[in-house]
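Participant: My questions concern the predicted model and sequence given below.
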Amino acid sequence: MSEKLNSAIAVIGIDIGKNSFHVVGLDARGAIVLR
């Protein structure tokens, strides 16, 4: 997480699996800004 985010995160999706955990952030346009 050393890179700077220039756009605000509008939506955060969380996927909790048995052996894994994923977080994805989308901006207002729907582009992925955090994975």
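Facilitator: That came through fine.

Participant: what are the ranges of the strands in the chain?
Facilitator: Along the chain, counting by DSSP state E, strands occupy 11-16, 21-26, 32-34.

Participant: Would you single out the least confident of the ones you listed?
Facilitator: Here those differ in mean pLDDT, and the lowest is strand 32-34 at a mean of 84.

Participant: Residue 14 touches residue 22, doesn't it?
Facilitator: Yes: using CB atoms under 8 Å, residue 14 is in contact with residue 22, at 7.3 Å. Yep, even glycine has a C-beta here, placed from its N, CA and C like the rest.

Participant: got the strands of the chain as TSV, with mean neighbour count columns?
Facilitator: Listed next are these as TSV, based on neighbours: other CB atoms under 10 Å:
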stretch	mean neighbour count
strand 11-16	10
strand 21-26	13
strand 32-34	14
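
Participant: quick one, what contacts residue 20?
Facilitator: Neighbouring residues of residue 20 by CB atoms under 8 Å, 6 or more residues apart in numbering: there are none.

Participant: any idea how far it lies from residue 14?
Facilitator: Distance, residue 20 to residue 14, using CB to CB, to the nearest Å: 11 Å.

Participant: Residue 30 now?
Facilitator: 17 Å.

Participant: what bridges to residue 34?
Facilitator: Following DSSP bridges, residue 34 is listed with bridge partners residue 25.

Participant: how much space between the residue nearest to residue 11 when sequence neighbours are not counted and residue 14?
Facilitator: The shortest distance from residue 11 to any non-neighbouring residue, by CB to CB, 6 or more residues apart in numbering, is to residue 26 (4.3 Å). Residue 26 sits at a distance of 12 Å from residue 14 (criterion: CB to CB).

Participant: how close does the residue lying farthest from the centre of the chain sit to residue 12?
Facilitator: Each residue of the chain has a distance to the centre, and by CA atoms, centre = their mean the biggest one is for residue 18: 19.7 Å. Distance from residue 18 to residue 12, counting by CB to CB: 21 Å.
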